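Enquirer: With the sequence up front, the predicted model follows.
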Amino acid sequence: MRILVIEDELKTAAYLKKGLEESGYAVDVANDGPQGLILALEEEYDVIVLDVMLPGMDGWAVVKTLRTTRTTPVLFLTARDDVDDRVRGLELGADDYLVKPFAFVELLARVRTLARRGPPRESELIKVGDLEMDVNRRRVKRGGTRIDLTPREFSLLQLLARRQGEVLSRTQIASYVWDMNFDSDTNVVEVAIRRLRTPASEPGKPLMMMNGSSHDWKLTTIGR
């Protein structure tokens, strides 16, 4: 069982790491928001213990971004006991909320509960032609060569691969990948589609071929 602790107070982070490891968990620690988000997106954890007040990116922003692609259970840790703060955290996607100072035995009980609940597991691998997607580790290979994608690009490719051959509208893609509904002049979907068609790691060779109009796409074939 793996736990990610995102906590900028070094003594608190060390205390949590020691206590959780003694309780049988493997523990990674990040001391700021951006570092914690990168680990949360790139690695597979059973529970994330997340402080709210973090340098670089606060806990609200971390969990909001995390929830666009991940369902890992999140336990907020914070010194703020305001009801509005707790409601905000839960509405953004946190699963539980513990106020500092806290008893470690209570934190451990909450972590165990969240770990038992766990996120819904998707199939580990998606294969389309010579393209392989490791969903849990969020890695992509084509013909055995790893291709680096941003979290949004990975989510876009995952959506198109899972629904290969289906025509997806611009609005459907935006709702799934960017967690928003819009009808505006923004071309964020088109830009992401172009990046997947010609990734920098393999100039001139498309990562995937798609048919569609300016507002509808479907993944049809992948080949070298």
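Expert: Structure received.
Enquirer: Every contact and neighbour count from this point should use C-alpha atoms.
Expert: Will do.
Enquirer: and stretch 60-68, how far from the chain's centre?
Expert: Relative to its chain's centre, stretch 60-68 lies at 8 Å (Cα atoms, centre = their mean, to the nearest Å).
Enquirer: For that stretch, which outside residues touch it?
Expert: For stretch 60-68, the surrounding residues in contact (Cα atoms under 8 Å, 6 or more residues apart in numbering) are 33-34, 36-37, 40-41, 52, 74, 89, 92-94, 176-179.
Enquirer: now with 10 Å?
Expert: Residues from elsewhere that reach stretch 60-68 (Cα atoms under 10 Å, 6 or more residues apart in numbering): 6, 33-38, 40-41, 48, 50-54, 59, 70-72, 74, 76, 85, 88-94, 151-152, 155, 175-180.
Enquirer: Give me the three-state assignment for Leu149.
Expert: Three-state assignment for Leu149 (DSSP: H, G, I helix; E, B strand; the rest coil): coil.
Enquirer: if I read this right, it contacts Arg139, doesn't it?
Expert: Yes. Counting by Cα atoms under 10 Å, Leu149 sits close enough to Arg139 to count as a contact (8.1 Å).
Enquirer: what about the host helix or strand of Leu98, average pLDDT?
Expert: In the assignment (DSSP states H and E), Leu98 maps to strand 96-99. Averaged across strand 96-99, the pLDDT comes to 89.
Enquirer: quick one: strands adjacent to it?
Expert: Sheet pairing of strand 96-99 (DSSP bridges) gives strand 74-78 (parallel).
Enquirer: Report the distance from the strand it pairs with to the chain centre.
Expert: Centroid displacement of strand 74-78 relative to its chain, using Cα atoms, centre = their mean, is 17 Å.
Enquirer: Need the contact partners of it.
Expert: Taking Cα under 10 Å, 6+ apart as the rule, strand 74-78 contacts 4-7, 46-53, 59-60, 63, 66, 85-86, 89-90, 93-102, 107, 110-111, 114-115, 118.
Enquirer: let's go with 8 Å and repeat that
Expert: 47-53, 59, 63, 89, 93-100, 111, 114.
Enquirer: Of the residues you listed, which count as buried by neighbour count?
Expert: Those of the contacts of strand 74-78 that meet the buried threshold are 47-53, 59, 63, 89, 93-99, 111, 114, by 16 or more other Cα atoms under 10 Å.
Enquirer: bridging residues for the residue nearest to Leu98 when sequence neighbours are not counted?
Expert: Closest residue to Leu98 apart from its sequence neighbours, by Cα to Cα, 6 or more residues apart in numbering: Leu77 at 5.1 Å. Judged by DSSP bridges, the bridge partners of Leu77 are Asp51, Leu98.
Enquirer: going forward can the numbers begin at 358, since that is how I track them
Expert: Okay, residue one is now 358; in that scheme the one you just asked about reads as Leu434.
Enquirer: From Arg551, how far off is Leu434?
Expert: Using Cα to Cα, to the nearest Å, Leu434 is found at 40 Å from Arg551.
Enquirer: For those two, indicate the residue with more neighbours.
Expert: Leu434 (23 against 13; other Cα atoms under 10 Å).
Enquirer: The more buried one and Leu447, how far apart?
Expert: Noted for Leu434: a distance of 12 Å to Leu447, by Cα to Cα.
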